[in-house]
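Participant: build me a model from this:
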Amino acid sequence: MKLGLNGLVIIISLTLAGCQAPTSSESKLGSLPTPKGQGSMTVCPMDARICPDGRTSVGRTGPNCQFAACPRG
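Facilitator: Numbering: from 1, shown residues only. Presented below is the predicted three-dimensional model:
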């Protein structure tokens, strides 16, 4: 099956459209409104830290988005 140049351009365009980086408004972290004025909700980055044991990882949590404590042991 031959795609031709037009088919190749369409496939590349669709692939790049699916991989777009977030816009500046999507990438800002901070507070989001919650229903009925119940304060705000903190949104933390979805990254993780590897603990000293080399097998366990912990994510960010809390109002300041600090990494959780590594388990002892």
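
Participant: can we go C-alpha only for contacts and neighbour counts from here?
Facilitator: Fine.

Participant: can you report how many residues lie near residue 13?
Facilitator: 11 (other Cα atoms under 10 Å).

Participant: what's the spacing between it and residue 7?
Facilitator: 10 Å (Cα to Cα, to the nearest Å).

Participant: same question, residue 68
Facilitator: From residue 68 across to residue 7, the span is 48 Å (Cα to Cα).

Participant: more neighbours: which of these two?
Facilitator: residue 68 (14 against 11).

Participant: ok, that one - contacts?
Facilitator: 58-61 (Cα atoms under 8 Å, 6 or more residues apart in numbering).

Participant: which among these count as buried?
Facilitator: Neighbour-count burial (16 or more other Cα atoms under 10 Å) is assigned, among the contacts of residue 68, to 59-61.

Participant: same list (those) but as JSON lines, adding distance to residue 47, secondary structure and pLDDT.
Facilitator: Below are the buried ones among the contacts of residue 68 laid out as JSON lines (distance: Cα to Cα, whole Å; DSSP: H, G, I helix; E, B strand; the rest coil; pLDDT from 0 to 100):
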{"residue": "59", "distance to residue 47": "6", "secondary structure": "strand", "pLDDT": "94"}
{"residue": "60", "distance to residue 47": "7", "secondary structure": "strand", "pLDDT": "93"}
{"residue": "61", "distance to residue 47": "11", "secondary structure": "strand", "pLDDT": "91"}
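
Participant: between those, which sits nearest residue 48?
Facilitator: For the buried ones among the contacts of residue 68, the closest approach to residue 48 (Cα to Cα) belongs to residue 59, at 4.4 Å.

Participant: I am finished for the moment; much appreciated.
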